[in-house]
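J.: Provided below are the primary sequence and the corresponding predicted coordinates.
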Amino acid sequence: MTPLTDTPNEFRRILDNAEAKVVLIQLRLIDKLLEHGTRPVGVSLSEPWSSRVYSTDHPTHWIVADYFCGFANPADNGFVVDCIPKSRVSLDQFRTVQRQQAAARFPHGIETGESGMLDVPNN
């Protein structure tokens, strides 16, 4: 796979679980994602769930990583990584889209960082 820094203007979505896992290890996000990827309280073993983490640390891309678990079809479980080019999307635009997506996914509210807002890093 071509390194993200070699394609700074390219949007990239990694759906292949094995490839996504390698990228998450390289970006040092897999532990953070799995740490947040524990089954939420009140979610039964038969219910599907997901977790998401963000990173603004990459030099050329904003990173959104998802972990899906508990879906009946094994192909629906695993990792997905979205890489959004910083050259085409500002931090404010990135944060706005992520907040909108979170609000759509969780209409009754979401768990947030200390700021009381969706915890997308500031750097």
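T.: Looks like it arrived, so ask away.

J.: which strand or helix spans Asp31?
T.: With secondary structure defined by DSSP states H and E, Asp31 is part of helix 30-36.

J.: now do the next helix or strand after that helix: which elements does it pack against?
T.: Remark: after helix 30-36, the chain's next helix or strand is strand 49-55, criterion DSSP H and E. With contacts defined as 3 or more CB pairs under 8 Å, 6 or more residues apart in numbering; DSSP states H and E, the packing partners of strand 49-55 are helix 30-36, strand 61-69. Using the backbone N, CA and C atoms, a C-beta is placed for each residue, glycine as well.

J.: ok and strand 49-55 relative to strand 61-69, angle-wise?
T.: With axes from the mean of the first three to the mean of the last three CA atoms, to 10 degrees applied, the angle from strand 49-55 to strand 61-69 works out at 160 degrees.

J.: so which bits of strand 49-55 are buried?
T.: Ser51, Arg52, Val53, Tyr54, Ser55 (16 or more other CB atoms under 10 Å).

J.: with stretch 65-82 instead?
T.: Neighbour-count burial for stretch 65-82 flags Ala65, Asp66, Tyr67, Phe68, Cys69, Gly78, Phe79, Val80, Val81, Asp82 (criterion: 16+ other CB under 10 Å).

J.: list of residues touching it?
T.: 11-15, 17, 20-21, 23-24, 27, 29, 33-34, 36-37, 39, 43, 45-55, 63-64 (CB atoms under 8 Å, 6 or more residues apart in numbering).

J.: buried subset of the residues you listed?
T.: Among those, those buried by neighbour count (16+ other CB under 10 Å) are 12, 14, 20-21, 23-24, 27, 29, 33, 37, 51-55, 63-64.
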